[in-house]
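In: Here you go, sequence then predicted model.
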Amino acid sequence: MTFAWWHPLAALIPMLPSFWSIWHIWSHEFETPQQRALWLVLVVFLPVLGGIIYIFTGRTKACGKIQR
């Protein structure tokens, strides 16, 4: 089997929702710290599925951006 340039790309594309979800969870506030921790655990331990679930349901639970 030969190695093609698109192999790493094919492996990274499904992980994009997880990377975006982790960034979104980290940069937004939630009602409780436990809610934020629960979403982080879900996205980290169920990488592709957890990211997709967060995008469709958890994103609306975020209260707003963290003020820096």
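Out: Perfect, thanks for sending it.
In: drop to CA atoms for contacts and neighbour counts, all remaining ones
Out: Will do.
In: Pull the contacting residues for Trp20.
Out: Shown in contact with Trp20 (CA atoms under 8 Å, 6 or more residues apart in numbering): Gly51.
In: Helix or strand: which one has the spatially most central residue of the chain?
Out: The chain has Ser21 as the residue nearest its centroid, 2.2 Å off, counting by CA atoms, centre = their mean. Secondary structure assignment for Ser21, by DSSP states H and E: helix 16-27.
In: Any buried residues in that helix, and which?
Out: Residues of helix 16-27 classed as buried by neighbour count (16 or more other CA atoms under 10 Å): Pro17, Ser18, Phe19, Ser21, Ile22, His24, Ile25.
In: helices or strands next to the helix or strand of the chain with the lowest mean pLDDT in the packing?
Out: Sorting the helices and strands of the chain by mean pLDDT, DSSP states H and E puts strand 64-65 at the bottom, at a mean of 84. Other helices and strands packing on strand 64-65, by 3 or more CA pairs under 8 Å, 6 or more residues apart in numbering; DSSP states H and E, are strand 28-29.
In: residues making contact with the strand it packs on?
Out: Residues beyond strand 28-29 that count as contacts (CA under 8 Å, 6+ apart) turn out to be Arg36, Ala62, Cys63, Gly64, Lys65, Ile66.
In: Pro17 - nearest residue in space that isn't next to it in sequence?
Out: Gly51 (4.9 Å; CA to CA, 6 or more residues apart in numbering).
In: Contacts only, for the one you found.
Out: Pro17, Ser18, Phe19, Trp20, Ser21, Ile22, Val43.
In: In this protein, where is pLDDT below threshold?
Out: Along the chain, segments meeting pLDDT under 70 span 1, 67-68.
In: about what we covered before: turn the contacts of Gly51 into JSON lines, columns for distance to Ala11.
Out: Conversion of these to JSON lines gives the following (distance: CA to CA, whole Å):
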{"residue": "Pro17", "distance to Ala11": "13"}
{"residue": "Ser18", "distance to Ala11": "13"}
{"residue": "Phe19", "distance to Ala11": "13"}
{"residue": "Trp20", "distance to Ala11": "16"}
{"residue": "Ser21", "distance to Ala11": "17"}
{"residue": "Ile22", "distance to Ala11": "18"}
{"residue": "Val43", "distance to Ala11": "17"}
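In: That'll do, ta.
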